[in-house]
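Trainee: What follows is a predicted structure for the sequence shown.
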Amino acid sequence: MSSSNSENGCVSHTGQNGAVSIQGSHVASSESTLGRHLARRLVEIGISDVFTVPGDFNLTLLDHLIAEPKLKNIGCCNELNAGYAADGYARYRGLGACVVTFTVGGLSILNAIAGAYSENLPVICIVGGPNTNDYGTNRILHHTIGLPDFSQELRCFQTVTCYQAVVNNIEDAHEQIDTAISTALKESKPVYISISCNLPSIPHPSFSRIPIPFAITPRLSNAQGLEAAVEAAVAFLDKAVKPVLVGGPKLRVAKACEALVELADASGYALAVMPSAKGLVPETHPHFIGTYWGAVGTAFCGEIVESADAYIFVGPIFNDYSSVGYSLLLRKEKAIIVQPDRVVISNGHAFGCIRMTDFLTALAKRVTKNTTAYENYKRIFVQDGVPLKCEEGEPLRVNVMFQHIQKMLSGDSAVIAETGDSWFNCQKLKLPEGCGYQFQMQYGSIGWSVGATLGYAQAAQEKRVIACIGDGSFQVTAQDISTMIRCEQKTIIFLINNGGYTIEVEIHDGPYNVIKNWNYTALVDAIHNEEGNCWTAKVRTEEELVESIAMATGEKRDCLCFIEVIVHKDDTSKELLEWGSRVCNANSRPPNPQ
């Protein structure tokens, strides 16, 4: 089996013929326990770091996990961040894992697992569960709501995981664990594994013999359906004068990024991405025209997409955020919608059991080259304007700050954008080839980026992560700056301090959007506490920003660098102003008449 460190999740752990396989090996009887078996399985599928928070029900399990030399325990400050870290780790490695304790830990991590589910990330969520002797006894345990029913946690996870395994019997533990892991890989969704606290140290013959290997054979396209879908698509596109191609976020789960580029090369179509697909398509492609996000997307991109007479959307998610309050000017009869397992053409013919990669590859061989839309884009394109220069000593503006962040990017860096105005400012960054980019748009949980930055940087140690985080979001999950320092990470964090929940201000303002201001650099200095390698700076002007970036990329390049950027509370991108008003309009629609 080969394991791939895939930046965008478009390459999986694959063996021959594309099958995902896990091969076991004979182990000594002293290591043939449930805990060591689980540890080996995590290593075998490509996980080398597991994000944990200890609790009395998982302590013995943690002993067995850290006894595995190829598995590193990353102790987090709270369960929510452990889940976010596993999310960020999975975005680079293809899957992640976290371990917490029963109910108080499980319900705390639940929000992060729900986010991973929305983004199609295979996260193995492991919970230390009650002693096997307590099941069915009508006893009341701690870490519960005071009822002799231990299923509350399980019932909560059933809605945000694709498989749940409650391991309270050593006889079927091997099968349950393997089934959970294989299902996570197959469905590209999180799974829940509860392991009774008295089982990890118990050996069993199924753990000491050579484990039964399992393989996940990729889904195959229906050959006749694929041929029919391609025929229909070619007939539809041949009638178009100026077709375009738009990549969406489900490219990741379908592992179809390379196939999309193949189609873009063959077709000559103008190539755009939806905002939540930024980073999945190379922005250095010769026909790339930017982010299609309606009224707030890349300049001239929306005009080209919405004026096209045919558009292929590959793996889209159209929600109220990505559609800017349902204001996109698209018509279904002009669209081919390609999802991971089906194709719909012009709001009519639907073809199921078709893998996205197969369809894109087959269409690339049949499509007629048509560069009209891209040529139209070149005719109307005007170079981006340059923000007004900050005068010496003038308060720093956000648009000037992102000019300097743009200069920092290379193929050895990756950008993490927090929910908020960083969404819009980071969307405008032009990513060099190989530069990573991640944000959480579908779930949009503020605070996600701190844990995700921890996990992503741990997975992608060859890259320097640049995280852009608002002050409101940072206050939700700030503690795991501590874990970044313990793990000797070299991330650069730009903390944008504008005194509130700016994205919510632009949707609907009120006193609840004003937060207590912190001395953020002093907080991080206190967390650092002269243990580890961390450097902080507070900047208010362009001159101070330039000096801080030079320090972070030069003398302090081997440090975790935390740069607090103080800006005016009303200093927002024009895109956020437009987007916020449209989302507000969508949220405030009156009830339909009965």
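Mentor: Looks like it arrived, so ask away.
Trainee: List the buried residues for stretch 216-223?
Mentor: 216, 221 (16 or more other C-beta atoms under 10 Å). (Glycine included, C-beta is placed from N, CA and C.)
Trainee: just stretch 69-83 next, same as before
Mentor: Quick answer for stretch 69-83 (16+ other C-beta under 10 Å): 71, 74-83.
Trainee: same check, this time on stretch 526-539
Mentor: Using 16+ other C-beta under 10 Å as the test for burial, stretch 526-539 gives 527-528, 532, 534-539.
Trainee: Now tabulate these in TSV and tack on distance to residue 427, secondary structure and pLDDT.
Mentor: Formatted as TSV, the buried residues of stretch 526-539 follow (distance: C-beta to C-beta, whole Å; DSSP: H, G, I helix; E, B strand; the rest coil; pLDDT from 0 to 100):
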residue	distance to residue 427	secondary structure	pLDDT
527	30	helix	97
528	32	helix	97
532	33	coil	94
534	29	strand	98
535	28	strand	98
536	27	strand	98
537	26	strand	98
538	26	strand	98
539	23	strand	97
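Trainee: Now for those residues: which two are most distant?
Mentor: Farthest apart among the buried residues of stretch 526-539 by C-beta to C-beta are 532 and 539. That separation is 22.5 Å.
Trainee: what's across from the spatially closest residue to residue 528 that is not a sequence neighbour in the sheet?
Mentor: Counting by C-beta to C-beta, 6 or more residues apart in numbering, residue 528 lies nearest to residue 534, which is 4.1 Å off, once chain neighbours are set aside. Judged by DSSP bridges, the bridge partners of residue 534 are residue 560.
Trainee: Name all residues that make contact with residue 534.
Mentor: Applying C-beta atoms under 8 Å, 6 or more residues apart in numbering to residue 534 gives the contacts 485, 524-525, 527-528, 559-562.
Trainee: ok, 7 Å please
Mentor: Counting by C-beta atoms under 7 Å, 6 or more residues apart in numbering, residue 534 touches 485, 524, 528, 559-560, 562.
Trainee: measure residue 52 to residue 41 for me?
Mentor: 16 Å (C-beta to C-beta, to the nearest Å).
Trainee: Work out for me the element residue 179 sits within.
Mentor: Element membership of residue 179, judged by DSSP states H and E, is helix 173-187.
Trainee: which residues in the stretch 101-250 of the chain form helices?
Mentor: 104-118, 152-157, 173-187, 205-208, 223-238 (DSSP state H, counting those that start in this stretch).
Trainee: any idea which of these is most buried?
Mentor: helix 104-118 (a mean of 23; mean count of other C-beta atoms under 10 Å).
Trainee: And it, what does it pack against?
Mentor: helix 79-93, strand 96-101, strand 123-129, helix 152-157 (3 or more C-beta pairs under 7 Å, 6 or more residues apart in numbering; DSSP states H and E).
Trainee: How is the protein partitioned into domains?
Mentor: Domain ranges of the chain: 16-216, 223-380, 398-573, per automatic domain parsing.
Trainee: The ones you listed: which one's closest to residue 579?
Mentor: That would be domain 223-380 among those, by C-beta to C-beta, at 4.7 Å.
Trainee: on that earlier part again, among the contacts of residue 534, who's most crowded?
Mentor: residue 562 (29 neighbours; other C-beta atoms under 10 Å).
Trainee: if I pick that residue, what's in contact with it?
Mentor: Shown in contact with residue 562 (C-beta under 7 Å, 6+ apart): 493, 495, 521, 524, 534, 536.
Trainee: And the furthest pair within those?
Mentor: 495 and 534 (13.3 Å).
Trainee: hang on, the earlier thing: quick one: which of residue 52 and residue 41 has more around it?
Mentor: The residue with more neighbours, out of residue 52 and residue 41, is residue 52; 26 against 21, by other C-beta under 10 Å.
Trainee: from memory that one sits against residue 62, does it?
Mentor: Yes - proximity of residue 52 to residue 62 meets the contact threshold set by C-beta atoms under 7 Å, at 6.2 Å.
Trainee: ok, how many other residues are close to the residue lying closest to residue 147 once chain neighbours are set aside?
Mentor: Counting by C-beta to C-beta, 6+ apart, residue 140 is the residue found nearest to residue 147 once chain neighbours are left out, at 7.0 Å. Using other C-beta under 10 Å, residue 140 has 12 neighbouring residues.
Trainee: ok, now the one 5 residues further on?
Mentor: Per other C-beta under 10 Å, the neighbour tally for residue 145 reads 9.
Trainee: Contact partners for it?
Mentor: Residues in contact with residue 145 (C-beta under 7 Å, 6+ apart) are residue 152.
Trainee: and the gap between it and residue 173?
Mentor: Separation of residue 145 from residue 173 (C-beta to C-beta): 27 Å.
Trainee: Equivalent analysis for residue 502, please.
Mentor: Distance from residue 502 to residue 173, by C-beta to C-beta: 49 Å.
Trainee: re the thing from before, nearest to residue 37, out of the helices of the stretch 101-250 of the chain?
Mentor: It's helix 205-208; of the helices of the stretch 101-250 of the chain, that one is closest to residue 37 (C-beta to C-beta) at 4.3 Å.
Trainee: what does the average pLDDT come to for the closest one?
Mentor: The predicted model assigns helix 205-208 a mean pLDDT of 83.
Trainee: Mean pLDDT per helix and strand in the protein: which one sits at the bottom?
Mentor: strand 20-22 (a mean of 42; mean pLDDT, DSSP states H and E).
Trainee: Any buried residues in the helix or strand that that strand is followed by, and which?
Mentor: Note on strand 20-22: by DSSP H and E, the next helix or strand toward the C-terminus is helix 34-44. Judged by neighbour count using 16+ other C-beta under 10 Å, the buried positions of helix 34-44 are 34-44.
Trainee: Equivalent analysis for stretch 332-342, please.
Mentor: 334-342.
Trainee: what comes into contact with it?
Mentor: By C-beta under 7 Å, 6+ apart, the residues outside stretch 332-342 that reach it are 219, 233, 236, 250, 253-254, 309-316, 343-347, 350-356, 359.
Trainee: circling back: which one, of the helices and strands packed on helix 104-118, ends up nearest to residue 508?
Mentor: Once the helices and strands packed on helix 104-118 are compared by C-beta to C-beta, helix 79-93 is nearest, at 25.4 Å.
Trainee: How about the contacts made by the residue nearest to residue 147?
Mentor: So residue 140 contacts 146-148 (C-beta under 7 Å, 6+ apart).
Trainee: do residue 410 as well
Mentor: Shown in contact with residue 410 (C-beta under 7 Å, 6+ apart): 432, 435.
Trainee: Equivalent analysis for residue 294, please.
Mentor: Residues near residue 294 by C-beta under 7 Å, 6+ apart: 302, 323-324, 327-328.
Trainee: got it, and residue 328?
Mentor: residue 294.
Trainee: quick one on the thing from earlier: identify, from the buried residues of stretch 332-342, the entry nearest to residue 260.
Mentor: Nearest member of the buried residues of stretch 332-342 to residue 260, counting by C-beta to C-beta, is residue 338, at 9.2 Å.
Trainee: Mind checking what secondary structure that closest one has?
Mentor: When classified by DSSP: H, G, I helix; E, B strand; the rest coil, residue 338 comes out as strand.
Trainee: i'd like the first residue to be 660 from this point on
Mentor: New numbering, starting at 660: the last item is residue 997.
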